[in-house]
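K.L.:
Structure of the sequence below:
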Amino acid sequence: LDIAEQRGLSDTEKQAAYELLQRLERQSRAREALQKAMADPNDAVKLRQALEEAEAAGLGSEDLAAAREMLDAETRRAAARDALKSAVSSCDAARLRSAIHEGEHVGLGEEELAAAREALSKLDGQSLARQKIRDAMSSKDLKDLQDAISFGESAGLSDGDLADVRKLLEGEERKSHARQRLERAEGSGDIKELREAIAEAKAAELSAAEIARAQAALNTAERQENARKRLKEALSAGDSQLLRAALDEAEAAGLNEDELKQARQALNREELKAVARRRLQDATASRDKEALQVALDSADAAGLPPDDPKVQAAQKVLEEEWRKERASQALRSACADKDIEALKLALDEARQASVRPGDIADAEAVLRCLEAQEAARQQLQKAMSSGKTEDLQRAIAVGEQAGLSTELDEARRLLAEEERRAVARRALQKALVSRNPEALQEAIREGEAAGLAAKELEPARAALASEDAKAKARKRLQQAMASKDIGQLKSALTA
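P.N.:
Numbers count the residues shown, from 1 in each chain. Predicted coordinates:
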């Protein structure tokens, strides 16, 4: 300015130069303050103040763009931190997952995500514990119930959450003890022990089917005890009719031959029984249903008691053969109906009934195929719900391998849409790196066509707007410089 005055410049020229100097100095200070604020991006207030001063000082968008992006990123991180705190307080697993995902997306560190991850892990553990409890209560297996309760306690479930399963475990333990006592009583054949065991079983609410064998044993034991009394009374009385009746009762009750040896009149009957037993043995060896039924009818006609070993063996074989036939039919029906649960039950019954291994193997192959298809459907549903490309690709491959057809059409359509969005995202990233206006415009159009959210398109739109503004500013500056008009030049420089 001193030199300008010495050279005789006018006050107006000096004033213009002085104002330009002040503006340039203010811009220099604003640029320096902005750089310092950007060095500490966590101080959003300081960065915002520096931006406002830089804008007031007239710095161009090229000086402000990076700072604005940094301020926007810090604002998103602050919002993500607030969302994390709120999600932790809510105890809502979905909100926690969403908040953690957003925190990861905006670049929060693991220490800031730790509390939310811990809370989500706890909620997931409790959810798994509840599922284990439901499964155990469904199976009613003692070990499963005990393990589920232990797992639930470790996962922090409340006493209220565990009350039902604990009650069920107590009931099942009572039933288990009652079953063991029933088994011991059946083995002993003691009437008193059988009565007490049956009473305990009824108190434990065992089913009639589970009590039936012990009840039958009790009935048999009581019948045998009564038969011994009658036989003793008949022998003492010496009455043939009473003795015959007592012998019939004793044989029907299963008394051994030592207790009947004084009943000489039973000799002929015993010979008939011997013939009947031989027929039963032959029929049992043949496993022919018709021969077994005839032999059983003959044994019954000869007076063999139901608990006679030959009768029991023949009856057992006959029941096994009928069971095998029913099991085979059920297996064929379940395979034809393609009902997984019915097929599992039919297979269990078929194995227990000793159905031909080839038939079982064929049914097991059908079951594996049906289960593979069901698993493929479930994986397909999960993949379609997640919308992830990798999940959809894997689920479609599994479905094709399992033999699914039209059920894959929707998944294939979703996969095609996801792949198109992925291509659009890559094009956006490439255009953002190149900052070429034509590339940005094309990438934005493709992103819109692919259905990308406005938030994903926002950076490219901002970059395109910035590049357009730069192009217009360059054009105005070039025109002003070409015209050599001071006013236009000043206007172009201050725009």
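
K.L.:
Other residues contacting whichever strand or helix holds A201?
P.N.:
Assigned by DSSP states H and E, A201 belongs to helix 191-203. Helix 191-203 has contacts (CB atoms under 8 Å, 6 or more residues apart in numbering) with 174, 177-179, 181-182, 184-186, 188, 210-211, 214-215, 217-218, 221-222, 225. Every C-beta, even on glycine, is put in place using the N, C-alpha and C of the backbone.

K.L.:
and it, how far from the chain's centre?
P.N.:
Centroid separation for helix 191-203 versus its chain: 43 Å, with CA atoms, centre = their mean, to the nearest Å.

K.L.:
And for stretch 281-292?
P.N.:
51 Å.

K.L.:
End to end on it, go ahead and measure it.
P.N.:
9 Å (CA to CA, to the nearest Å).

K.L.:
Quick one: low-confidence residue ranges for the stretch 201-350 of the chain.
P.N.:
Residue ranges of the stretch 201-350 of the chain with pLDDT under 70: 235-241, 243, 263-272.

K.L.:
which residues in it form helices?
P.N.:
208-237, 240-253, 267-286, 289-301, 309-337, 340-352 (DSSP state H, counting those that start in this stretch).

K.L.:
Quick one: work out the angle between the third one and helix 240-253.
P.N.:
The one in question is helix 267-286. 20 degrees (axes from the mean of the first three to the mean of the last three CA atoms, to 10 degrees).

K.L.:
which residues are in contact with helix 267-286?
P.N.:
Where contact means CB under 8 Å, 6+ apart, the residues beyond helix 267-286 that reach it are 247, 257, 291-292, 294-296, 298-299, 301-304, 308, 310-311, 313-314, 317.

K.L.:
Only whichever of those are buried, select them in ChimeraX.
P.N.:
This is how ChimeraX selects the buried members of these, with burial counted by 16 or more other CB atoms under 10 Å:
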select :247,291,292,295,296,298,299,302,303,304,308,310,311,313,314,317
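
K.L.:
In CSV: the helices of the stretch 201-350 of the chain, plus distance to Q401.
P.N.:
CSV is the format used below for these (distance: least, CB to CB, whole Å):
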stretch, distance to Q401
helix 208-237, 43
helix 240-253, 63
helix 267-286, 47
helix 289-301, 44
helix 309-337, 21
helix 340-352, 18
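
K.L.:
who wins for proximity to Q393 among these?
P.N.:
Proximity to Q393, assessed across the helices of the stretch 201-350 of the chain by CB to CB, is greatest for helix 340-352 (26.2 Å).

K.L.:
Only the buried residues of the closest one, if you could.
P.N.:
Applying 16+ other CB under 10 Å to helix 340-352 flags 343, 346-347, 349-350 as buried.

K.L.:
so it versus helix 309-337, what angle?
P.N.:
Using the same axes, to 10 degrees: helix 340-352 against helix 309-337 is 150 degrees.

K.L.:
Can I get helix 340-352 in CSV? Just the C-alpha atoms.
P.N.:
The C-alpha coordinates for helix 340-352 follow below in CSV (Å, rounded to 0.1, in the frame of the first residue of the first chain):
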residue,chain,number,x,y,z
ILE,A,340,-42.2,-86.6,7.4
GLU,A,341,-43.5,-87.0,10.9
ALA,A,342,-45.7,-90.0,10.0
LEU,A,343,-42.8,-91.5,8.2
LYS,A,344,-40.5,-91.1,11.2
LEU,A,345,-43.1,-92.8,13.4
ALA,A,346,-43.7,-95.5,10.9
LEU,A,347,-39.9,-96.1,10.6
ASP,A,348,-39.6,-96.4,14.4
GLU,A,349,-42.4,-98.9,14.5
ALA,A,350,-41.0,-100.8,11.5
ARG,A,351,-37.6,-101.1,13.2
GLN,A,352,-39.2,-102.3,16.4
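
K.L.:
Show me which parts of the helix or strand that that helix is followed by are buried, residue by residue.
P.N.:
Next helix or strand after helix 340-352 toward the C-terminus (DSSP H and E): helix 357-386. By neighbour count on 16+ other CB under 10 Å, the buried set for helix 357-386 is 359-360, 363, 366-367, 370, 372-373, 376-377, 379-380, 383-384.

K.L.:
Just the CA atoms of stretch 419-439, as CSV, please.
P.N.:
Provided in CSV are the C-alpha atoms of stretch 419-439 (Å, rounded to 0.1, in the frame of the first residue of the first chain):
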residue,chain,number,x,y,z
GLU,A,419,-27.1,-58.7,-7.6
ARG,A,420,-28.3,-55.7,-9.6
ARG,A,421,-28.1,-53.5,-6.4
ALA,A,422,-24.6,-54.8,-5.7
VAL,A,423,-23.5,-53.9,-9.3
ALA,A,424,-25.2,-50.5,-8.8
ARG,A,425,-23.3,-49.9,-5.5
ARG,A,426,-20.0,-50.8,-7.1
ALA,A,427,-20.7,-48.3,-10.0
LEU,A,428,-21.5,-45.6,-7.4
GLN,A,429,-18.2,-46.2,-5.6
LYS,A,430,-16.2,-46.2,-8.8
ALA,A,431,-17.9,-42.9,-9.9
LEU,A,432,-17.3,-41.3,-6.5
VAL,A,433,-13.6,-42.1,-6.8
SER,A,434,-13.4,-40.8,-10.4
ARG,A,435,-15.8,-37.9,-9.7
ASN,A,436,-16.6,-37.9,-13.4
PRO,A,437,-20.0,-36.1,-13.9
GLU,A,438,-21.1,-38.5,-16.7
ALA,A,439,-20.1,-41.5,-14.6
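
K.L.:
how far is it from where the chain is centred?
P.N.:
Centre-to-centre, stretch 419-439 and its host chain are 38 Å apart (CA atoms, centre = their mean).
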